[in-house]
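>>> no sequence on this one, just coordinates:
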């Protein structure tokens with residue numbers, strides 16, 4: 001199964017298949033779906049905050065710390081917080 005793009009993993013989960021084509025165990029899918037359902041019901045604090053959180057989480061895989069910090073600030077967000085640096089860059 002070829003997985004790409006932001007929805008690729010969601011598509012694989014919906015198909016019940018791992019990247020190598022093997023089935024994902026029913027117990028794993030059940031727990032995942034239960035947690036995602038609970039998450040879908042959680043109140044949100046704002047779109048821009050959610051966007052920033054996603055950028056930090058994913059951006060830390062693609063940018064070094066200084067670059068991500070600079071890019072966040074250039075876009076108008078707060079730079080990386082100490083706890084984010086510790087979690088994503090240590």
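Great, that's in hand. All of these numbers come straight from a predicted model, not from anything done at the bench.

>>> Can you show me the helices along this structure?
Chain-ordered helices for the chain, with DSSP state H as the definition, fall at 8-15, 26-40, 47-62, 65-74, 82-89.

>>> so what's the nearest residue to residue 88 once chain neighbours are set aside up against?
In this structure, residue 88 finds its nearest non-sequential neighbour in residue 60, 3.7 Å apart by CB to CB, 6 or more residues apart in numbering. Glycine gets a C-beta too; all of them are placed from N, C-alpha and C. The contact partners of residue 60, by CB atoms under 8 Å, 6 or more residues apart in numbering, come to 68, 84, 88-89.

>>> Most neighbours out of the residues you listed, which is it?
With neighbours set by other CB atoms under 10 Å, the maximum within the contacts of residue 60 is found at residue 68, which has 23 neighbours.

>>> quick one: the nearest residue to that residue once chain neighbours are set aside and residue 43, what's the gap?
Here the nearest residue to residue 68 in space, its sequence neighbours aside, is residue 59; by CB to CB, 6+ apart that works out to 4.8 Å. With distances taken as CB to CB, to the nearest Å, residue 59 is found 25 Å from residue 43.
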